Structures are given as C-alpha cells and as structure tokens.
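Visitor: just a sequence and a predicted model for now, questions to come.
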Amino acid sequence: MGDFQLGLILIGGACLLAVLLYNWLQLRRSCRESPILPAGHAEHAGEGRVEPAFDMQDEAQPSDTAAAHAVSPFSAQDEGGDPEKILHVSMGHPAAGALGPVIDPQIDCLVPVELFSPVASERLMPLAVKMRRTGNKPVHVEGLHWETGCWEQVRAGQRYTELQLGVQLANRNGALHHVEYAEFYQQAQQLAAALDAQADFPDAEETLNNAKELDEFAQQCDVQMGINLEAEDAGMPPWSAALIQSMALEDGLVLSRDGSRFNWYAEAQGREPRLVFSLQFAGTNFLRDDLSRRAARRVSLVLDVPRTDPSTDPLRTMWSYAAHIAQKLSAQPVDENGRPLDEATLQAIDAQLNKIFVCLSASGIHAGSAAALRLFSD
C-alpha cells in the first residue's frame, strides 16, 4: 500500500471520528432543558427592614418529622441569582430517591459547568462537599442525571452529564459581597479543573449588583410581628417555664430543634405541615434551662411574615391561639409597649401584612415558599 493510499485512509478515519464526536455533542445538548426566565422583582414595599424582635431561625417542618426527610450533604440547610440566567427545567422523571433541584435564578448566582464526559458521583462528592458555603452564603451543587435527564442534588451511586453550581445572592446576613464571590469563584474553578470541565461564570460586577438589589428588596419585606400576653392582674405570681411547656405540649405545639421556642404548624392535605407562628418565653431554652427556676410575666407569640404561607391565615390563627392561652393564664393580649390589642388594631395589622404578601408574590418569591425560606434565613 502506497503512502498516498495510507494518507487517504487516515484522513477518512479522522473525518469519521469527527462526525461521531459532533453527533455525540449534539445529542448531549439536546438533553438540556428549555429555559424559563424568572419574574422580575416588584417595587419595594414599606420603609426599610423591621428588625426581628425575636430569634426566628428556620423550622420549615416539625422537628420530629424532619429527620424522616433525606438531606443532600451538598445542600446548605438552613436560593439570589442573576435574573438573566436560565433555570433548567427537567425533562423526564426523577429517579427514585432523588432530591430535586433547589438552585433558583431569582436568588442564586447560577454557574453552568460543562462536563466533557459523564462523571461519577463518587468522584464528584469529595469536591462538592467542600463547597457547602462561601462566607455566610449557602452553595449548592446539582447534576443532570445521565439516565433521567433531570437535575437533582448530587447523591451517591449516580452519574451526571452536566453540573450547575449556585451561590445564594442574599440572606438575612446581607448581600453577597466581593470577598464571598471571589471565594466561590475559586472553589468553582478548582472543582471544574479537577473534573476537566469548563465553568461558565456570569459577569462579577453584574452579579454583585443583583445581590445588592435583592438584599434591598428583601429588607422592605423582612417583617416580624408579635402578640404578647401579660397577666390581667399585676399582683399575680409569674408563670413558670414548666407551666408554659406543659401548656404548649398539651396544645400540640412542637419544640424547635434548639429548644428556644415552640412552633405551631398548619396541616395541609398532600403537603408538609407549614410553620405559622412560634411561642417564646422570656428567653427560656426548654432543653437546657432548669424550668423550675425560670419564671416570667410575659408569653410571646411571633409571626415571621415572609416565611409564612398566607393561605394559613397566619395572623388570625395566631390571634385565635392568643385568645385561647389568655383564657388559660388569665392574661390579656398586648403589643410590645404593653398596650392592649383589639379587633381594630388587628385589622390594621392584617392590612399591612397583606401588602407584604402581595409585594412578595409580585416578585415571584412567594411568602412561605422554598425561595422565601432561603432568602429570609441566616
């Protein structure tokens, strides 16, 4: 065989290989999801952040049921994003045991990572676990499952054809700042390099501006309100923490994981119970403190407005329970300044809460939604 014929054979083989590679790349791209752009943020409502009077951490589900739900080791528990970024919508059906995606372009900076070959989760997980947080912002790592074509939180024993990373743009600690973004950028680059992949970052300045805007918006809606109960007779002895605990448990409230409060949950058909309000008692920790030695003359019910689903009618629900325990304790409902609360005051407060709910809904971050629970968290 002459050199000319050998050259032709080699050229033909190279062309065939190029065609096969092109078809494989096209097939991978066709598995990607169609884009949906998130709704823009509505105009700001109210005048600045109303600072929480009480410590209201997360409690989206009752503490005695939360352990039954699997948690990805790469999902911070406790979602700001570039509005121009694309949120991938899954094709097909999630695999059994998969945890769906949590990255949300409305509150996360989304960074697609192109893999040049499928990656096993056993190779990915040691890298991803290092990216749980940057500063005080959660970071999420999600993969496009090679069989289902669905985005999911990374789990053991799987293979992924694409990755996407998300760092939260804002939370109650403030907006994502340049130091946190630089740390996230470095972590993401290290992950991509370790996987021989390519990360596609958005413009840094635009991302930080989006974070600032989201934080400013959140401040306008970050409101907590409380109903306090004080003894009708100033000469009455203070209530003991043991009495308050017994009453709360009898009424079906659930103690929080950290022991600082009892939570009231609303049941919903086909859905997880949703937190409506919390009961706190003069800074008592019901897990650590000696309840026989703790006593006070005020019980507080607290409503964390942006984290509460409006469909639970939260203010009326809390008011009804306040009336219930007022009768039990011979107490009266008052505001933070000790002034009695009446129906007219309640209606005025309810109107203000509805404005906040409408503002959040118009932005696409509905009160009590997964995005709201993440945005309004520490």
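Guide: Good, I have the coordinates.
Visitor: so residue 261 sits against residue 282, correct?
Guide: No: Residue 261 lies out of contact with residue 282 (CB atoms under 8 Å); the separation is 11.4 Å. Placement of C-beta: from N, CA and C, glycine included.
Visitor: more neighbours: the two, which one.
Guide: Regarding residue 261 and residue 282, a neighbour count based on other CB atoms under 10 Å identifies residue 261 as having more, with 26 against 15.
Visitor: quick one, what contacts the more buried one?
Guide: With contact set as CB atoms under 8 Å, 6 or more residues apart in numbering, residue 261 has these partners: 54, 255, 278-280, 302.
Visitor: list phi and psi for it.
Guide: Main-chain dihedrals, residue 261, degrees, to the nearest 10: phi -160, psi 160.
Visitor: can you check residue 316 too?
Guide: phi -70, psi -40.
Visitor: for it, which non-adjacent residue is spatially closest?
Guide: Of all residues not flanking residue 316 in the chain, residue 350 sits nearest, at 7.6 Å (CB to CB, 6 or more residues apart in numbering).
Visitor: helices of the stretch 51-200 of the chain, residue ranges please.
Guide: Taking DSSP state H, counting those that start in this stretch, the helices of the stretch 51-200 of the chain run over residues 63-66, 121-128, 178-194.
Visitor: what residues sit buried inside the last one?
Guide: By neighbour count, and taking 16 or more other CB atoms under 10 Å as the criterion, the buried residues in helix 178-194 are 180-181, 183-185, 187-188, 191-192.
Visitor: which regions of the stretch 1-150 of the chain lie under the pLDDT threshold?
Guide: 1-98 (pLDDT under 70).
Visitor: thinking again about what came up before, reformat the helices of the stretch 51-200 of the chain as a markdown table; add distance to residue 150.
Guide: Shown next, in a markdown table, are those (distance: least, CB to CB, whole Å):
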| stretch | distance to residue 150 |
| --- | --- |
| helix 63-66 | 24 |
| helix 121-128 | 14 |
| helix 178-194 | 21 |
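Visitor: which one of the buried residues of helix 178-194 is nearest residue 136?
Guide: residue 180 (7.7 Å; CB to CB).
Visitor: who's in contact with that closest one?
Guide: Residues counted as contacts of residue 180 (CB under 8 Å, 6+ apart) are 134-137, 167.
Visitor: please repeat the previous calculation with a cut-off of 6 Å.
Guide: Contact partners of residue 180, counting by CB atoms under 6 Å, 6 or more residues apart in numbering, are 134-135, 137.
Visitor: which one of these has the most neighbours?
Guide: Highest count within the contacts of residue 180 by other CB under 10 Å belongs to residue 137, 25 neighbours.
Visitor: quick check: chain neighbours aside, which residue is closest to that one?
Guide: residue 168 (4.6 Å).
Visitor: re the thing from before, residues near the residue nearest to residue 316, how many?
Guide: Number of residues near residue 350 (other CB under 10 Å) recorded here: 14.
Visitor: any idea which helix or strand carries it?
Guide: Element membership for residue 350 (DSSP states H and E) is helix 343-363.
Visitor: pLDDT of the helix or strand following that helix, averaged?
Guide: Downstream of helix 343-363, the first helix or strand assigned by DSSP H and E is helix 370-375. Across helix 370-375, pLDDT averages out at 96.
Visitor: packing partners of helix 370-375?
Guide: Using 3 or more CB pairs under 6 Å, 6 or more residues apart in numbering; DSSP states H and E as the contact test, no helix or strand touches helix 370-375.
Visitor: give the buried residues for the helix holding residue 350.
Guide: 346, 349, 353, 356-357, 359-360, 363.
Visitor: relative to residue 160, which of the helices of the stretch 51-200 of the chain is closest?
Guide: helix 121-128 (6.9 Å).
Visitor: with adjacent residues omitted, what lies nearest to residue 144?
Guide: Distances taken as CB to CB, 6+ apart put residue 162 closest to residue 144, at 3.9 Å, once the chain neighbours are dropped.
Visitor: quick check: bridge partners of that neighbour?
Guide: residue 114, residue 144 (DSSP bridges).
Visitor: burial check on it, number of neighbours?
Guide: A count of neighbours around residue 162, defined by other CB under 10 Å, yields 24.
Visitor: can you pull the pLDDT of it?
Guide: At residue 162, the predicted lDDT confidence score is 96.
Visitor: what's the answer for residue 234, then?
Guide: Predicted confidence (pLDDT) for residue 234: 82.
Visitor: surely it is in a strand?
Guide: No: counting by DSSP: H, G, I helix; E, B strand; the rest coil, residue 234 falls outside a strand, being coil.
Visitor: need the contact list for it.
Guide: Neighbour list for residue 234: empty [criterion: CB under 6 Å, 6+ apart].
Visitor: how much space separates it from residue 309?
Guide: Plainly put, residue 234 is 38 Å away from residue 309 if you go by CB to CB, to the nearest Å.
Visitor: same deal with residue 288?
Guide: In terms of CB to CB, residue 288 sits 31 Å off from residue 309.
Visitor: quick one: which of the two has more around it?
Guide: Set residue 288 next to residue 309 and count neighbours by other CB under 10 Å: residue 309 wins out with 19 against 9.
Visitor: from residue 375, how far out is the more buried one?
Guide: According to CB to CB, residue 309 and residue 375 sit 15 Å apart.
Visitor: same thing with residue 234?
Guide: Taken as CB to CB, the span from residue 234 to residue 375 is 42 Å.
Visitor: fine by me, we can end here.
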